[in-house]
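Chemist: have a look at this prediction, sequence included:
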Amino acid sequence: MRRPLVRRLTALLAAALLLPAVAGCGVDEDDAGLVIYSGRNEKLVDPLLDELEKAVGTTIAVRYGESAELAAQIQEEGDRTKAGLFFSQDAGALGALSTRGLLQKLPQTSLDKVDPAFRGSAGDWVGTSGRVRVLAYDPGQVTRVPDSVHDLVKPEWKGRIGYAPTNASFQAFVTGLRVMEGDDAARAWLKGIKANEPKAYDNNLKAMDGVDKGEVSIALVNHYYWYERVAEKGEDEVASRIHFLPGGDPGALVNVAGVGTLKGSDQLPVARKAVDFLLSEKAQKYFAEETKEYPLAAGVTSTVEGLPPLASLDSPEIDLGELESLQETLKMLQEAGMV
Amino acid sequence: MTATDPVAPADPAAGPAGAAAPAGRRRAGRRPPAALLVPAGLAALFALLPLGYLAVRSLERGPSFAWQVVADGRTVELLGRSVGLAATVVAASLVLGVSLAWLTVRSRLPGARVWSVLMTLPLAVPSYVAAFTWLSAFPALAGFAGAAVALTLVSFPYVYLPVTAALRGADPAQEEVSRSLGHGPLRTFLAVTLPQVRPAAAGGAVLVALYVFSDFGAVSLMRYDTFTRGIYTSYRASFDRTPAAALSVVLVAVTVLLVAAEARTRGRAGHARTGTGTARPAVPAPLGRWRLPALTWCTLVAAAAVVMPLATLGYWLAVGNSATWDPATLADTAGTTLGAAAAGAALTTLLALPVGVIAARHRGRTAHLLEQSAYAGHALPGITVALSLVFFAVRYAEPVYQELPLLICAYAVLFLPVAVAATRAAVLQSPPVLEDVARSLGRSPLGVLREVTLPLAAPGVAAGAALTFVLCMKELPATLLLRPTGMDTLASRLWTETGTGSFAAAAPYAAALILLAAIPSYLLGRHRT
């Protein structure tokens, strides 16, 4: 009675094991002239990487993942890494690889295309696009928008603030606050915010929704979420407005996505070509138009309507490589009961 | 008749049934044949790879650094929170799993077939989708309650499936004896049925606990800090693998303790029928006035665990404006996922067979060691297991690195305990005396395995394979790091789409994941009827 099941099971097991051998899978990275590990989402950069493939003149293979996890993978691979280029969502992961000596120094000509504030201090990674922390607010509820994040701890904001405490950009901002004003000041700020009973959202998008729906009066977000929304719906349909903080306020931190070439790779010449492509006018325009981020290469300005030029912003001066020290920030956020 | 009394040794007055307890004991010391021992040893070594990696990583800055990380007050606190969450989820899963298993297998529940397929589907719901669902519906759930609800609803099938198999395989004669001696249905359930399913339920409970320990998706969305979040923080916040490895070692220690504790509760009872003839299928119990409450209970669980996530996906589709998915890509991705998951399930099942048989039939130090090895890495977060395979593959197996075979091996390392638990429980239910008879008739140990043990255990083994298959389908962290460059699975597409907030585009992939999981459970159900 049960024998047929055993036979069927055995046949099934054998077939299942052979299946992958028969089925073809993916781009063979051994044939690829350049392997990119991308911490940036496929939906955001895939069209651009198609262009990159044409520009560097060889086939490329892209492995998508979380920036931090790809950085850990590169660390495990060491000089046996498959990747020629690491495209990171934030400066922290690049800083970590740089500290551990896994990145190859970039040619000065490539570095010179970008303001020193937006590249690694060791000259082994360079920012490709920037995003600015801003305050999104509901004009119906807010008449005077604060000019500093420090104002948000005042009692008048009680129950009116939205934020995304688990979001990497928010955490980078807190790290920036620590680097600029010291741990005690940062701790005091977090305590003050917590006392104002802020509404925690899963991510920046949700926080923006919160402002648009009037759930909260004001929210700490990245600039491009608002511009994307406006591009999609038109400014009249978007209830919220945004405010760029002046005076080098820590709340106006500029964080970057960037690239570095890997020391252990034998694809260095192609990888360098790829870096130059990402800093080219074509690629920089792509970031400006498609992701509404700031182009970072000199000479390229965003064409997004209403977006103030990066140079006009009074953003805080900070070594982005230092944003690597996120561990302490998380500890603070945990102590404050935010994450 | 069966002998399932967990505590009493052979009762001389019990007639032929009494032979079962000594049957279990008699085999305790017998050495497993080399034909089993060698493959089992290989499977165990395979499962121990992540531990080798952890040893290297956690000690790279000296034992004192590792100790500092482990002895930190925060570490102890997080461990306490994880233990509390695991205990809650295990308790809830046992209530759900055992009650639903009894209702679908042993009672005249209307539509039992449909219910039994429905109750396996939650396994295919990624924990973060479950968490997302509950969080959007009830934002106040964030924290411990939300994490417990989401994790219970995705992991109770770990208990439900093996208990169902145990109930199907158990001889109803003992329950009938109990009833004929005047015990009521409740007393019979507690005194007879529960002990019969106890090994299966305990094995499932251990898997649930380990799943809770390893989960990151649900707890991070619910903003409930657990031990695994601490490990992820180490990777994501400080990009440092050393503290992550040191913390992971603690999870391994917890796992070893948990598995050892479970083994102690097993006792020495036999769980197979020993009388002559074959067992009749159990007569389903009439529910009487309990019919409506029973149906309500099943409906509630199915609504919470299956309908809620599917409805959320429907909502994503309805409100989102990113629904630009094309069916060809979806079909392609589904095909790739099915292939990889099927191969993963096959390899896992094959590796689990010798370990499971030894664990069931040759209790002793070797068996214990083998079983422990299979489980040891199971509470580790996927990212840690994936990095350990990166570590070994780039050094010693470069040709398969980032190729499909390595991904399949990763699935086997990740899910070996699930298949081992299923195999062990299935083998335990068949009477060892049949194997003795086959041996006495001149069959070789391997012949006995092929002709007696495996055919009898096949339904349980198949159930384990189906379970593994579903788990492989939804696996994400290891898939991202180890898949061939450019390959996409349903889970990785889901991750890509939700990463940009394109929930409408993500919905079809999540739905496909849940619906494809129905196939194996449906096939299994059909075979049994």
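Modeler: Arrived safely.
Chemist: give me the neighbour count for the residue in the stretch 101-250 of chain A positioned nearest to chain B.
Modeler: Nearest residue of the stretch 101-250 of chain A to chain B: residue A:205, at 4.8 Å (Cβ to the nearest Cβ). Using the backbone N, CA and C atoms, a C-beta is placed for each residue, glycine as well. A count of nearby residues for residue A:205, using other Cβ atoms under 10 Å in any protein chain shown, gives 18.
Chemist: correct me if wrong: it contacts residue B:502.
Modeler: No: Residue A:205 is beyond contact range of residue B:502, at 10.5 Å (criterion: Cβ atoms under 8 Å).
Chemist: what about the helices in chain A?
Modeler: Secondary structure of chain A (DSSP state H): helices at A:3-22, A:42-56, A:67-77, A:91-99, A:108-111, A:168-181, A:183-195, A:204-212, A:223-233, A:268-278, A:281-286, A:326-335.
Chemist: dump the ones you listed into CSV; add distance to residue B:43 and mean pLDDT as well.
Modeler: Compiled in CSV, those are given as follows (distance: least, Cβ to Cβ, whole Å; pLDDT from 0 to 100):
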stretch, distance to residue B:43, mean pLDDT
helix A:3-22, 15, 69
helix A:42-56, 36, 94
helix A:67-77, 24, 94
helix A:91-99, 36, 90
helix A:108-111, 50, 95
helix A:168-181, 39, 90
helix A:183-195, 49, 95
helix A:204-212, 45, 91
helix A:223-233, 49, 88
helix A:268-278, 40, 96
helix A:281-286, 49, 94
helix A:326-335, 37, 82
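Chemist: which one of those helices lies closest to residue B:66?
Modeler: helix A:326-335 (16.2 Å; Cβ to Cβ).
Chemist: can you dump the C-alpha atoms of the closest one in CSV for me?
Modeler: Below are the C-alpha coordinates for helix A:326-335, written out as CSV (Å, rounded to 0.1, in the frame of the first residue of the first chain):
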residue,chain,number,x,y,z
LEU,A,326,26.3,53.9,14.1
GLN,A,327,26.5,51.3,16.8
GLU,A,328,26.6,54.0,19.6
THR,A,329,23.7,55.8,17.9
LEU,A,330,21.6,52.7,18.0
LYS,A,331,22.4,52.2,21.6
MET,A,332,21.2,55.7,22.3
LEU,A,333,18.0,55.1,20.3
GLN,A,334,17.4,52.0,22.3
GLU,A,335,18.0,53.7,25.6
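Chemist: what does it rub up against?
Modeler: Helix A:326-335 has contacts (Cβ atoms under 8 Å, 6 or more residues apart in numbering or on different chains) with A:92, A:165, A:171-172, A:174-175, A:178, A:183, A:186-187, A:190, A:339, B:74, B:225, B:233-234, B:236-238, B:240.
Chemist: put the buried members of those into a PyMOL selection.
Modeler: This is how PyMOL selects the buried members of these, with burial counted by 16 or more other Cβ atoms under 10 Å in any protein chain shown:
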select buried, (chain A and resi 92+165+171+172+174+175+178+186+190+339) or (chain B and resi 225+233+234+236+237+238+240)
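Chemist: neighbours of the residue nearest to residue A:251 when sequence neighbours are not counted, just the number please.
Modeler: Spatially, and ignoring its direct neighbours in sequence, residue A:251 is nearest to residue A:149 (3.4 Å; Cβ to Cβ, 6 or more residues apart in numbering or on different chains). Residues lying near residue A:149 (other Cβ under 10 Å) number 20.
Chemist: how about the contacts made by residue A:149?
Modeler: Contact partners of residue A:149, counting by Cβ under 8 Å, 6+ apart, are A:135, A:177, A:189, A:220, A:245, A:249, A:250, A:251.
Chemist: separation between residue B:127 and residue B:141?
Modeler: 14 Å (Cβ to Cβ, to the nearest Å).
Chemist: I misspoke; the intended subject was residue A:115.
Modeler: Remark: distance between residue A:115 and residue B:141 (Cβ to Cβ) = 45 Å.
Chemist: do the same with residue B:284
Modeler: For residue B:284 relative to residue B:141 (Cβ to Cβ), the value is 37 Å.
Chemist: now do the SS call for the closest residue to chain A within the stretch 351-500 of chain B.
Modeler: Closest approach between the stretch 351-500 of chain B and chain A, counting by Cβ to the nearest Cβ: residue B:486, at 3.5 Å. Following DSSP: H, G, I helix; E, B strand; the rest coil, residue B:486 is assigned to coil.
Chemist: what's the average pLDDT for stretch B:360-370?
Modeler: Mean pLDDT, computed over stretch B:360-370, is 87.
Chemist: please apply the same query to stretch B:475-494.
Modeler: Stretch B:475-494 comes out at a mean pLDDT of 92.
Chemist: do the same with stretch B:387-404
Modeler: On average, stretch B:387-404 scores 92.
Chemist: now do stretch B:287-294
Modeler: On average, stretch B:287-294 scores 85.
Chemist: could you do stretch B:135-145 as well?
Modeler: 86.
Chemist: any residue of that stretch up close to chain A?
Modeler: Yes: for a cut-off given as Cβ under 8 Å from any Cβ of the partner chain, stretch B:135-145 has contacts with chain A, namely B:135, B:142.
Chemist: quote the end-to-end distance of that stretch.
Modeler: With Cα to Cα, to the nearest Å as the measure, stretch B:135-145 spans 11 Å from end to end.
Chemist: buried ones in that stretch?
Modeler: B:135, B:141, B:142, B:144.
Chemist: quick one: it to chain centroid distance?
Modeler: 26 Å (Cα atoms, centre = their mean, to the nearest Å).
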